[in-house]
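Structure for the following, please:
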Amino acid sequence: MRRNNNRKRNNRNRKEAGGAYAFLLPSLLGTALFVVLPYAELIRRSFCSSIGREFVGLRNYIQVLNNTTFRLAVFNTCRFLIVCIPLLLLLSLFTAVMISGLKEKGNTYKTTLLLPMAVPVASIVLLWRVIFHSQGLLNQVTAILGAEPVDWINGSTAFGVLVFTYIWKNLGYDMILWLAGLSSISDQQYEAARVDGAGAFSCFWYITMPGLKKTMVLTAALSLFNSFKVFREAYLLAGDYPNESIYMLQHLFNNWFLSLDIQKMSAASVLLLLAIAVPVLIYNRMQGRNID
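Next up, the predicted model:
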């Protein structure tokens, strides 16, 4: 009797698994056809000549690593991420905490901070040119104070303009993510802490921050992904070859694509994948150890 029940249970599990795989099959085929196979071909081309037939070993990787433009793009991209991601996370968290304290009165501020996401990139570029051009509004204001005009977009200050653009564009988005995390923390924990004499900082450090760990990981990951979209603003503002301070990997790939340097693009793409995948795998490994 028990053996028959086990057999029926196994047959039922197989049917359910078969049904699940049948639903997943179109997605798996699409992913394999449009993602896995093209990237496998990309990896193959990274070890071949520009035509894609002659095997050249690591020559393409050596050329990419020795390329001064590639090193400049990597440095600027890393600098942009190191500056923008922590700054955006701190500002958006501070804004979310302030707005959550206002309760329903904070709805107006939420809408205001989310408006930049609805503004098209082309409109932002036109607005920035009006403000940051060498004869724009900002220089006219500083001229009243006796300062010399500055070419904010094409000079060394272009990096600051790009950082400001990224934070202004994504502050509201990250704020909503933080607010969702804050709403999941029970008010009873704060009430119990206040009864025990805890102050605002203690409540924030020992209750709010531990309760936002998962939200922090998600927000940081989405902020990282959104940071690569800032290339649109940089490209439309300053073109293919902007100031050295904002010449990043997206510019480099775009210029290599236009010149059909397929072998360099392939090798650099594989290096970029490794640079992203290795920290993610290490983090997942550490998380798995913590769970165990």
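
average pLDDT across the helix or strand Val161 falls within?
If you go by DSSP states H and E, Val161 is part of helix 158-183. Mean per-residue pLDDT for helix 158-183: 88.

Counting by contacts, list what it packs against.
Applying 3 or more C-beta pairs under 8 Å, 6 or more residues apart in numbering; DSSP states H and E, we find helix 158-183 packed against helix 68-102, helix 107-118, helix 121-132, helix 213-227, helix 231-238. C-beta here means a position set from N, CA and C on the backbone, and glycine is covered the same way.

Mean pLDDT added to those helices, as TSV?
Listed next are the helices and strands packed on helix 158-183 as TSV, based on pLDDT from 0 to 100:
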stretch	mean pLDDT
helix 68-102	89
helix 107-118	79
helix 121-132	81
helix 213-227	86
helix 231-238	78
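
Comparing those, which comes out most buried?
Each of the helices and strands packed on helix 158-183 was scored by mean neighbour count; the highest is helix 231-238, a mean of 19, by mean count of other C-beta atoms under 10 Å.

Just want the angle from that helix to helix 68-102.
Helix 231-238 and helix 68-102 meet at an angle of 110 degrees, taking axes from the mean of the first three to the mean of the last three C-alpha atoms, to 10 degrees as the criterion.

you'd agree Ala32 is in a strand?
No - the assignment for Ala32 (DSSP: H, G, I helix; E, B strand; the rest coil) gives helix, which keeps it out of a strand.

what sits against it?
Not one residue lies near Ala32 by C-beta atoms under 8 Å, 6 or more residues apart in numbering.

re earlier: to Tyr247, which of the helices and strands packed on helix 158-183 lies closest?
Among the helices and strands packed on helix 158-183, the nearest to Tyr247 by C-beta to C-beta is helix 68-102 (5.8 Å).

now the angle from that closest one to helix 213-227?
Using the same axes, to 10 degrees: helix 68-102 against helix 213-227 is 140 degrees.

hang on, the earlier thing: got the helices and strands packed on helix 158-183 as CSV, with distance to His251 columns?
Compiled in CSV, those are given as follows (distance: least, C-beta to C-beta, whole Å):
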stretch, distance to His251
helix 68-102, 7
helix 107-118, 23
helix 121-132, 16
helix 213-227, 14
helix 231-238, 7
